[in-house]
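Student: only geometry, no sequence info:
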């Protein structure tokens, strides 16, 4: 939202919200800190963010709505999925015919408006609102779902308990139990609850005297609910039916997959069933198939790292790698790059295990090691499909690494992932797999090392490091490089010293119990420059490659995390927790 300073001055003065003298002081402060006048007014406490939004709405002629006490139709609210509403601060509150009124904190968020328009096929009428209204509407998502699911689970669990006491003899009996109404309703409720909670995994764990259900939310496991132990057989059988697994096999692990659609969101569940001492434990990984709306910026890329990643995706040939442990967001980053590359004049083919997201206009292939269809055989076939861009889910062995390098050499842009602890660690890992250094130096374009950190809720606390804390941090990271990046990206003013930099930390509230909501990446982006090519050819160690990358402006993951703590995205304790894992 943009209005010029003169318009803002006149309105605030006429309305009595800010005097001319205080406005002039804010103008001076804004010039000193290289920030907008409105940000200066808010930071000095002259006006609240909500009053500023109301002022913008009046000047721009955009209706302002207060929804703090509104109870919208839940079907209208559900037109925008809760994760989208929470991430973009946009909620649907009124529908009339083909028009949908949506409340937003920023009506210039055209990407969010476009997403809702495509999803609902309705005409979107944006309205400005305040933070309290958005919080109230987001709470309605949770309340309506918890009430509904709580009733279902409580009611049906007692029925499952009766079924669980029966003697289950053969596969036919198990299938009958799995397809019974109680098992179907309880599992469906658990799955829907997990989706709305934005969980990444569901654990159904048999204990000695109970059945424990846990959700992994923002990377942390939470107890969700406890069910009767006798419900275990019914729920496990139901999961097996959905995932097309053997019902009568209880001694060996089994893997499968199924899909469900709820509130317009398509979600795939990757299922793993494992025998344990107290029974079969089931873990389901949630894979949301719609990645529309993701950008590299929303994933956490910024500054020179963002520029270098975009530069690599613009190349016609070469190898782009994303590294990190399991669950660090590597696949999402690759899919976001593919979404950027996915234009009408480009042929994109992938070979994956599993296919986590389905994307239009992209030819996606699932590997099947059980019948000999591996990454290597799939990649060998892909290069005969006239692709411009190839995505290999993971480079696991020498043959796949060799084929990926050869594909990059012969006119293809290849994207893949690798399990290493750092970006620089990808080089010796590939050489260990048998890739010749001279081939690696000529094909590798950029390596992205990545982890996921929980992001802070609004209202997080700001604080400054003590001298002892700063010295301890200086031993692990280059704070000078972090400060330089903060200045270059106008997070702090040009004359700021490290002593005056404020970091952010969590502040638990009633609406945000942990102080965190959602996750974002911390990255280190290593471009393969001419100097690094020479290091690769000379067989240099990881430390030498990383040192050269830092001299060329690369922030390490820890330094990027400190940057994001100073930017109010996450906390330093969360960054240290993740990078030390």
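Tutor: Looks like it arrived, so ask away. What you are looking at is a predicted structure, and each value in this text was computed from that prediction instead of being measured.
Student: count of residues packed around residue 276?
Tutor: Neighbour count for residue 276, taken as other Cβ atoms under 10 Å: 10. Quick note: C-beta positions are derived from backbone N, CA and C, even for glycine.
Student: ugh, wrong one, I meant residue 459
Tutor: 14.
Student: ok, it touching residue 505?
Tutor: No: Residue 459 is not in contact with residue 505 according to Cβ atoms under 8 Å; the separation is 11.4 Å.
Student: work out for me the element residue 261 sits within.
Tutor: Element membership for residue 261, per DSSP states H and E: strand 254-262.
Student: oh sorry, the question was meant for residue 548
Tutor: Per DSSP H and E, the secondary structure element for residue 548 is helix 542-551.
Student: host element of residue 406?
Tutor: Assigned by DSSP H and E, residue 406 falls within helix 398-409.
Student: what's that helix packed up against?
Tutor: strand 318-323, helix 375-382, strand 389-392, strand 413-418, helix 437-443 (3 or more Cβ pairs under 8 Å, 6 or more residues apart in numbering; DSSP states H and E).
Student: given the first one, what are its sheet partners and their directions?
Tutor: Taking DSSP bridges as the criterion, strand 318-323 sits next to strand 413-418 (parallel), strand 444-456 (parallel) in its sheet.
Student: and residue 25, which of those is closest to it?
Tutor: Closest of the strands paired with strand 318-323 to residue 25 is strand 444-456, at 29.3 Å (criterion: Cβ to Cβ).
Student: check which element follows that closest one along the chain.
Tutor: According to DSSP H and E, the helix or strand after strand 444-456 is strand 461-463.
Student: buried stuff in stretch 276-287?
Tutor: Within stretch 276-287, the residues that qualify as buried are 279-287, counting by 16 or more other Cβ atoms under 10 Å.
Student: what sits against the nearest residue to residue 567 once chain neighbours are set aside?
Tutor: Of all residues not flanking residue 567 in the chain, residue 491 sits nearest, at 5.3 Å (Cβ to Cβ, 6 or more residues apart in numbering). Applying Cβ atoms under 8 Å, 6 or more residues apart in numbering, we find residue 491 in contact with 563, 566-567.
Student: so which of those residues is the closest to residue 107?
Tutor: Nearest to residue 107 out of the contacts of residue 491 is residue 567 (Cβ to Cβ; 23.4 Å).
Student: for that closest one, give its distance to residue 352.
Tutor: In this view, residue 567 and residue 352 are 33 Å apart by Cβ to Cβ, to the nearest Å.
Student: more neighbours: the two, which one.
Tutor: residue 352 (20 against 16).
Student: who's the more buried one bridged to?
Tutor: Beta-bridge partners of residue 352, as defined by DSSP bridges: residue 366.
Student: that one and residue 364: what is the separation?
Tutor: 6 Å.
Student: swap in residue 385?
Tutor: Distance, residue 385 to residue 364, by Cβ to Cβ: 12 Å.
Student: so the two - more neighbours on which side?
Tutor: Between residue 385 and residue 364, counting by other Cβ under 10 Å, residue 364 is the more crowded of the two (17 against 11).
Student: wouldn't that one be in contact with residue 350 here?
Tutor: Yes: counting by Cβ under 8 Å, residue 350 is a contact partner of residue 364 at 4.8 Å.
Student: picking up where we left off before, strands - which of the buried residues of stretch 276-287 land there?
Tutor: In this view, those that belong to strands under DSSP state E are 279-287.
Student: reformat these as JSON lines; add distance to residue 87 and pLDDT.
Tutor: As requested, these are exported to JSON lines (distance: Cβ to Cβ, whole Å; pLDDT from 0 to 100):
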{"residue": "279", "distance to residue 87": "37", "pLDDT": "91"}
{"residue": "280", "distance to residue 87": "35", "pLDDT": "93"}
{"residue": "281", "distance to residue 87": "31", "pLDDT": "95"}
{"residue": "282", "distance to residue 87": "29", "pLDDT": "96"}
{"residue": "283", "distance to residue 87": "26", "pLDDT": "96"}
{"residue": "284", "distance to residue 87": "23", "pLDDT": "95"}
{"residue": "285", "distance to residue 87": "20", "pLDDT": "92"}
{"residue": "286", "distance to residue 87": "16", "pLDDT": "90"}
{"residue": "287", "distance to residue 87": "18", "pLDDT": "83"}
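Student: what's the closest of these to residue 553?
Tutor: Among those, residue 287 lies closest to residue 553 (Cβ to Cβ), at 34.8 Å.
Student: that closest one reaches residue 260, doesn't it?
Tutor: No: between residue 287 and residue 260 there is no contact under Cβ under 8 Å: 11.4 Å.
Student: comparing the helices and strands packed on helix 398-409, which yields the minimum mean pLDDT?
Tutor: When the helices and strands packed on helix 398-409 are compared by mean pLDDT, helix 375-382 comes last with a mean of 89.
Student: buried set for that helix?
Tutor: Buried residues in helix 375-382 (16+ other Cβ under 10 Å): 375-380, 382.
Student: next: stretch 458-466.
Tutor: For stretch 458-466, a neighbour-count test (16+ other Cβ under 10 Å) marks 458, 460, 465 as buried.
Student: contacts for that stretch, please.
Tutor: 131, 473, 499-507, 509, 512, 515, 568, 571.
Student: shaky segments in the chain?
Tutor: Residues of the chain that meet the criterion pLDDT under 70 lie in 1-24, 27-28, 30-61, 83, 141-174, 176-181, 262-265, 289-293, 510-511, 581.
Student: that older thread, JSON lines for the ones in strands among the buried residues of stretch 276-287, including distance to residue 222?
Tutor: What follows is these, written out as JSON lines (distance: Cβ to Cβ, whole Å):
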{"residue": "279", "distance to residue 222": "22"}
{"residue": "280", "distance to residue 222": "22"}
{"residue": "281", "distance to residue 222": "17"}
{"residue": "282", "distance to residue 222": "17"}
{"residue": "283", "distance to residue 222": "15"}
{"residue": "284", "distance to residue 222": "15"}
{"residue": "285", "distance to residue 222": "16"}
{"residue": "286", "distance to residue 222": "14"}
{"residue": "287", "distance to residue 222": "20"}
